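*Asks:* what follows is a protein structure lacking sequence information:
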C-alpha cells in the first residue's frame, strides 16, 4: 500500500508514489549540489528536469496510473547519478577517490578521524590554507564564523594564520559539522543576521539583537541627553562601548549580512538549526557533503587552471601587439601550449603563465596597498578639506574621489573576499563592470580635482612692508614670540599627532594655524634697525595671490628692546590655505646686537622660489646663507661680514669696536687666511670707526639740542603755571610767548627763562 | 591503477568530439544523441550530456531552438554555430592525427630493438 501524491513537475501534473517522490527530490537535490559551482547550474537542472518530465509523460501515456519507484529508478539509471557523471566527465582522481569512499561504505584510509582528534588543516574545504576550516572542524563550528572573525581581526590574526598554515599538517577532513550559520528569513528585522545567529547558538533572537543595537541605543540616548542638557556630561557607558566596540559590531553585522546566505531551502533551514533528521538528507548527510567538498575543490582547481589559461591567452594576444619579436614568440608558444605537446613548449608556456601571474599578483597587491594608504591618508586629511577646497565643484570632486577612487576598490576587495569565502560564483560580471566603471569615474574625478587644485597654487606673490622699529637703548634687540591670546586646539586629532615637521600647529573648525615663518638676519645699510615683513601667498591669478597675502595677519610689536612676533598666523576656512608664508627680514646695523628666543624655533622652515622675472630678485632659497641659520638664545653681533656669535669674538677687541674671531680655546688670536679681518682692508675698518665716532659726536649734539628743547618745554609749562596763578592781564604776554616759541632760537629761550621766572615771582 | 578508470578517461577525452560530430549533421535532441551514441556502442548518461551541452552552448559552440513536443514540455534542439564548426574541424584534425598515431603504434608487430646487445658490459 503506497500513498500517491500529485506533483507539479515542469508545468505538468504528475501522479507519483510518495516514496518515488522522495527519491526524485533527493536525486534532484544531489544534482543541484553536484552542479553547485557550475556556471549554468539552473539551466542544466532545468534541462534534466524537463527530460525527466518527458520520460514521465511517456510512461503515463503508455497507461501507467502513476510513477512508481521502479520508474524513478529506471529514469535515474538512464540519466545517471552524480558519481556516474564524475566517472564520465569529472576529474579522474576525484572520481576514483569518491568511488572508493562510496563503494566501501567506510571512511577511506586517507581521511582523518572525525572530531577532536588532532588539529588539521582541511585540504578539502579551503580558501587559502584551510586553517579556518580545520579549526572549525576541530571545534565543531561553522568555518564561516571563523573566517569572518579572521577577516575582521585581520591585523591581529594574520601571523597566527600564517603560523598555523606552516605548522599544522594538511588532511582531508570528513566534516562533522551538522550546523551551519545562515541568515534567518523567517525571523528577521533587517537582514536576518541576528535571527540566524540565535538559531545557531540556540538562544532567543532578542539577545544578539540587543548586543548589536545596544551601542547604538546608548549612543542615541546619551547624544540626545547631551544635546538637551549640553552642560552635563552623560557618560552612560564607557566610550569603548559607544565608540570602537559599536563600530566593530556594526561592521560585523554588515559583513555577516553580505557573507552569510539566507536559509532558503528546507534542508538549509534544517542545517541552520542543526537538525538533520529529514528523510531526504539523512542518507546523504556524510556522503553528499563529502561530494560537495570534492566538487568544490575540484572546481576551484579548474577555475585556477582556467584563469591561468586565460592569462596565458591574454598574454599571447598582448604579445602579438607588442612587437614582432613577441609576436613570433606568441605564435610559437600558442599552438604548443594548445596541443600540450612535447615537453619544452609546455614548460615554456607554463613558466610564462606562472611568471605573468606572479607579476600581475605583485602589481595588484602593490596597487591595493597604495590605495589603502591613500584612503587612510585622505581620511586623515579630511578635517583640512575646508581650508583647501574651494567652492562646491571641488568639494564634490573630493567626495567623489574619496568614495569612488579610493572607496570602491576597498569595497570591491571586501566583496570579492566575502564571495570567495562563501564560494559564490556569479554568472554575470555586472558587479565587476559596475565597480570598474565607478572606479574609472573616480580616476577622472581625482585627475580633475588635482588639476583644479593645482590651479589655485599657480602664482605666488609677495607683499612687502616695512615695520618701524626704534633702536633699543642698550643696542641689542631681543626677538620673542608674543604670548598667545587665543588657545587653539592643539594635539591629537583622530589619533593623528602633528609632528614638529608639520607646518600646521593647530586646527579647529574654522581656523588653521600656520607657522610657515622664517626669520632672516641681514645687515642694515644705516645705523638703525629695520624690520621688513614679506607676506607671500599663492593663488590662481596674481590679484588673488596678492589678496591672499593681504589677508595674512602677522602683527609685529615692539616693547622696549623686545620685538614680539606672533606664534603663527591664522587661516580661516573662507581664506583657504594657499601656501601662505611670512618672511621677516631683520636688518641689524653693524656693531649692534640681536638675540632670538628659543620660542622662535617652532616656526616651520620653508624655501621660497621666487620667480625673478616677476621682479622679486631675492633668492630666499639659499640655505647656505648663514643669515637664515641662526641659533636660538645666542647673542649675535652684526659685523661688516655678516652676523657673528658674540662668544666667537674677542671681547677685548670688541670693546674697541673691532671684530676678531677667537679661534683657539686659549684665547690666542690667530691671524689666519680665514680670519675676515685679514681679508678686508684695515683702513676700511678705521674709516668705519671714524664714521662711528662722527656719529657719536652727532649724537651728543643731538642730545644737547634735546636738552635745550626740554628746557624750553619746562619754561612753557612754568609760564602756564604762572598764567593760571596770576591775574588775567598777563595772558596776552604769555600767549605771545607761546606763539613766539617755535620761532625763537633755543639760546634766546634759554636766556629768557630766568628773567621770566623772576618777573613771575615778583608779581 | 584500475582498468575502468583508464577506460573512462579515454572516453572522456573524446566525448565532446563525438557529440559535436552528431550535432554537425543537423539539429539534434539530447536523448537522440544518447541513442545514437548507444547505437555506436558509446554509453553516456543524459546527466553527463546536459552539462556538456550547456557548457558548449555557453562557449558559443552550439545554439538551440525550442520545438513544441506532444509528449511533454517543449524540447531544445541543438545545432552547431560557425565557431562550433571551426572548433569541430580542429578537433577532427587532432583526432585523425591521434588515431593514426595510436593505430600505427598499436599495429606495430616487429619486436623492440634488442638492447642487451648494445650493452658493453657483457
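*Replies:* Sure thing, it's come through. Predicted model, so just to flag it, every value in this text is computed and none were measured.

*Asks:* got the residues of chain B near chain A?
*Replies:* Residues of chain B that fall close to chain A, judged by C-beta under 8 Å from any C-beta of the partner chain: B:2, B:4-5, B:8-9, B:11-12, B:15, B:30-31, B:44-48, B:50-55, B:57-58, B:69, B:71-73, B:75-76, B:94. For every residue, glycine as well, the C-beta is placed using N, CA and C.

*Asks:* next step: those residues restricted to helices.
*Replies:* B:4-5, B:8-9, B:11-12, B:15, B:30-31, B:46-48, B:50-55, B:57-58, B:94 (DSSP state H).

*Asks:* can you flag the buried ones in those residues?
*Replies:* For those, a burial check counting by 16 or more other C-beta atoms under 10 Å in any protein chain shown picks out B:8, B:11-12, B:15, B:30, B:46-48, B:50-55, B:57.

*Asks:* pull the most distant pair out of the residues you listed.
*Replies:* Greatest spacing in these, by C-beta to C-beta: B:8 and B:57 (24.1 Å).

*Asks:* point out where chain B drops to low pLDDT.
*Replies:* B:1, B:111-122 (pLDDT under 70).

*Asks:* cutoff 90 now
*Replies:* B:1-19, B:24-61, B:64-76, B:84, B:98, B:102, B:105-122 (pLDDT under 90).

*Asks:* report the closest residue of it relative to chain A.
*Replies:* residue B:45 (2.6 Å; C-beta to the nearest C-beta).

*Asks:* return the residues in contact with the closest residue to that residue other than its chain neighbours.
*Replies:* Leaving aside its sequence neighbours, residue B:45 sits nearest to residue A:80 (C-beta to C-beta, 6 or more residues apart in numbering or on different chains; 2.6 Å). Residue A:80 sits next to A:88, B:45, B:46, B:47, B:48 when contact means C-beta atoms under 8 Å, 6 or more residues apart in numbering or on different chains.

*Asks:* among those residues, which two are most distant?
*Replies:* Top of the distance list for the contacts of residue A:80 (C-beta to C-beta): A:88 and B:46, 11.1 Å.

*Asks:* and residue A:645, bridged to which residues?
*Replies:* residue A:636 (DSSP bridges).

*Asks:* quick one, what contacts it?
*Replies:* Here residue A:645 is in contact with A:631, A:634, A:635, A:636, A:637 (C-beta under 8 Å, 6+ apart).

*Asks:* from the residues you listed, which single one is nearest chain B?
*Replies:* Nearest member of the contacts of residue A:645 to chain B, counting by C-beta to the nearest C-beta, is residue A:631, at 77.7 Å.

*Asks:* three-state assignment of the closest one?
*Replies:* coil (DSSP: H, G, I helix; E, B strand; the rest coil).

*Asks:* can you tell me how far the closest residue to it other than its chain neighbours is from residue A:601?
*Replies:* Excluding the flanking residues, the one nearest residue A:631 by C-beta to C-beta, 6+ apart is residue A:645, at 7.4 Å. Separation of residue A:645 from residue A:601 (C-beta to C-beta, to the nearest Å) stands at 16 Å.
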